[in-house]
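Visitor: Curious how this folds, go ahead:
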Amino acid sequence: MKPKISCVISCYNEEKNIPKLILDIKKHKLNKYIFFIIVNNGSVDNSKNIIKKFSKKKISNIKYINLKYNKGWGNGIIQGLKNTHTKIIGWTHGDLEYKLSDLLKVIKIIHKNPKIFEREKKFHIKGKRINRTLSKKVVSNFMSIICSIILNNNLSEINAQPFFFNRMEFKTWKKIPKDLSLDMFAYNKTCGTDSKSIRINVEQLERIHGSSSWNKSFFSKFKLAGLFIKRAIQIKLCHYL
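Guide: Numbers count the residues shown, from 1 in each chain. The predicted model follows:
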């Protein structure tokens with residue numbers, strides 16, 4: 001069966017997570033329905049060699065890309081999206097904070113409603129985090145409310161994974177941010193009165209291996225929220241690099 005969905009996973013210094021990532025894809029037979037593009041986003045650990053090792057096994061419907069430099073998480077996703085050819089494309093994180101089995105929910109939705117996704121030009125399927133701590137909810141809701149007001153769109157759970165949408169929409173994008181705010185940029189682009197929004201419940205787990213570049217403390221979360229608010233203003237004005 002030729003996949004109708006493509007999923008980009010950008011990995012930076014995830015040498016301990018990549019093997020499990022690929023094994024989970026095989027375990028849940030996700031590559032039967034989804035074409036995966038796994039991007040080594042300029043990692044400085046052993047990720048490149050691990051990806052080379054797996055690429056030799058030639059697992060069906062998995063493509064590997066090695067970027068020489070890390071220009072931001074969003075850039076890794078963008079380079080992966082450029083290698084997609086299916087109508088429905090998207091991404092999820094490579095740090096395993098989100099279970100890959102959540103993609104089974106995406107597959108089920110698309111297969112259950114094929115005519116909707118053939119007909120609709122603007123749509124998205126996006127995760128909605130549940131069972132979160134109060135502190136995480138406070139920061140996330142604060143950021144969502146402010147960014148929603150600025151961009152005049154209802155943007156809840158902005159950073160929740162996974163995220164899928166119409167590839168034709170991606171082809172119209174210009175001046176795409178290369179950092180974490182790609183989530184907000186894409187979410188905002190695929191929202192609106194003429195858009196179909198489907199949310200799936202997901203749980204964000206604690207990292208087993210590696211460390212987050214931003215999620216280190218309560219104050220680091222507020223710092224990220226500040227960055228997103230600044231980005232929302234720039235997106236509104238179409239003025240950023």
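
Visitor: can we go C-alpha only for contacts and neighbour counts from here?
Guide: Noted.

Visitor: So Phe185 versus Ser135, what's the distance?
Guide: Using C-alpha to C-alpha, to the nearest Å, we find Phe185 at a distance of 24 Å from Ser135.

Visitor: who has more neighbours, those two?
Guide: A side-by-side neighbour count of Phe185 and Ser135, using other C-alpha atoms under 10 Å, places Phe185 first with 20 against 10.

Visitor: so what's the more buried one up against?
Guide: Contact analysis of Phe185 by C-alpha atoms under 8 Å, 6 or more residues apart in numbering lists Ile176, Pro177, Ile235.

Visitor: what about the longest helix in the protein?
Guide: Scanning the chain for the longest helix, with DSSP state H as the assignment, gives helix 218-237.

Visitor: Name the surrounding residues that touch that helix.
Guide: Applying C-alpha under 8 Å, 6+ apart, the external contacts of helix 218-237 come out as 135, 139-140, 142-143, 146-147, 150-151, 181, 184-185, 214-215, 240.

Visitor: per-residue confidence averaged over it?
Guide: Helix 218-237 carries an average pLDDT of 81.

Visitor: Quick check: phi and psi at Arg132.
Guide: Main-chain torsions, Arg132, degrees, to the nearest 10: phi -90, psi 160.

Visitor: How far off centre is the helix-or-strand element of the chain with minimal mean pLDDT?
Guide: Confidence across the helices and strands of the chain bottoms out at helix 114-119, with a mean of 77, counting by mean pLDDT, DSSP states H and E. Relative to its chain's centre, helix 114-119 lies at 22 Å (C-alpha atoms, centre = their mean, to the nearest Å).

Visitor: now do stretch 99-108
Guide: 13 Å.

Visitor: List the buried residues in it.
Guide: Across stretch 99-108, burial judged by 16 or more other C-alpha atoms under 10 Å covers Lys99, Leu100, Asp102, Leu103, Val106.
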